[in-house]
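Student: please find the sequence and the predicted model below.
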Amino acid sequence: MALDAKALKIAAGQAALEHVEDGMKLGIGTGSTAEEFIRLLGVRVGEGLKVVGVPTSERTAALCRQLSIPLTDLDETPRLDLTIDGADEIGPELALIKGGGGALLREKIVASASRRMIVIADESKHVATLGRFPLPVEVVPFGLRATLLAIEKTAERLGLSLTHEMRLADGKPFVTDGGHFILDASFGRIPEPRALAQALNGIPGVVETGLFTGLASLAILAGGDGIRTIDA
Ligand SMILES: O=C[C@H](O)[C@H](O)[C@H](O)COP(=O)(O)O
């Protein structure tokens, strides 16, 4: 029987939970897949599992509080054992596009502070080349037009096609937990994610991009035939 999208997210979350050990300091991701993991984690915490988590968004923090999952922050706990998070696309070498929910900056800070990152998703997000999903780029509101021009120039220099739009919420710019805007940038194909990330991060008005390279060590993909794992 084909599993629906929610069932696949739960299956991936369940498989990820097997990597969580008593006493761990966890980075806790954002998005609908991460939320299924968080609900399962909440059940285990209720049964006595001892963990402490750093949430990657206000939304995740609220859900963790609701489920009585103990929280900390990176000031108190700057090194984490494991981050478990979703992704919008998973490409070769476990390079990721993240930020569909706008949480990419905190997600990247938390993943970078973790010894390991496990990415969970349904298998449709596994792609041969990144770029079908528009890349979220977090930008500072000040000087926005100049930053957009610099991003366009960067794409041209790298020989990438680019169309982009500012992310909106209720007709106004979407504002991240950090007080920034999100530009959804469609490059079509991103054959060299590291090079693009480096170039975009060199633009002063760019805070961070949703390209995660060298961070995930394991992908847990749920599909109709069960769970498949990919090591970096
Ligand atoms: O900002 C949001 C995050 O990067 C999410 O992990 C990503 O968008 C995947 O979300 P979902 O599991 O809802 O597809």
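Tutor: That came through, no problem.
Student: find the nearest non-adjacent residue to the residue nearest the centre of the chain, please.
Tutor: With distances taken as CA atoms, centre = their mean, the residue of the chain nearest its centroid is residue 98 (3.9 Å). Leaving aside its chain neighbours, residue 98 sits nearest to residue 210 (4.6 Å; criterion: CB to CB, 6 or more residues apart in numbering). The C-beta positions use only the backbone N, C-alpha and C, and glycine is treated the same way.
Student: pretty sure the one you found sits against residue 135.
Tutor: Yes - counting by CB atoms under 8 Å, residue 210 touches residue 135, with 5.5 Å between them.
Student: determine the residues that are contacts of both of the two.
Tutor: Listed contacts common to residue 210 and residue 135 are 97, 99; contacts here mean CB atoms under 8 Å, 6 or more residues apart in numbering.
Student: before we move on, the earlier item: can you check the pLDDT for the residue nearest to the centre of the chain?
Tutor: Residue 98 carries a pLDDT score of 98 in this model.
Student: again, but for residue 188
Tutor: pLDDT, residue 188: 89.
Student: burial measure for it, as a count.
Tutor: For residue 188, the count of nearby residues is 12 (other CB atoms under 10 Å).
Student: repeat that for residue 17.
Tutor: For residue 17, the neighbour count with other CB under 10 Å is 16.
Student: chain neighbours aside, what residue packs nearest to it?
Tutor: residue 40 (5.2 Å).
Student: that neighbour: which element?
Tutor: helix 32-46 (DSSP states H and E).
Student: what is that helix packed up against?
Tutor: With contacts defined as 3 or more CB pairs under 8 Å, 6 or more residues apart in numbering; DSSP states H and E, the packing partners of helix 32-46 are helix 5-17, strand 25-28, helix 58-66, strand 80-85, strand 114-122.
Student: now do the following helix or strand past the last one: everything it contacts.
Tutor: Stepping forward along the backbone from strand 114-122, the first helix or strand reached (DSSP H and E) is strand 135-139. Counting contacts by CB under 8 Å, 6+ apart, the residues outside strand 135-139 that touch it are 97-100, 102, 104-105, 147-148, 151, 167, 176, 178, 180-187, 190, 196, 200, 205-211.
Student: up against the ligand, what does this structure have?
Tutor: By CB under 6 Å from any ligand atom, the residues of the chain that approach the ligand are 29-34, 85-88, 98-104, 107.
Student: check contacts around residue 90.
Tutor: Residues in contact with residue 90, defined by CB under 8 Å, 6+ apart, are 96, 119, 121, 125, 126, 127, 216, 219, 221, 230.
Student: scratch that, residue 194 is what I was asking about
Tutor: Applying CB under 8 Å, 6+ apart, we find residue 194 in contact with 95, 211, 213, 214.
Student: and the second one, how many neighbours?
Tutor: Other residues lying near residue 211 total 28 when counted by other CB under 10 Å.
Student: now it. Nearest residue, chain neighbours left out?
Tutor: By the measure of CB to CB, 6+ apart, the closest residue to residue 211 outside its immediate chain neighbours is residue 197, 4.1 Å from it.
Student: fine by me, we can end here.
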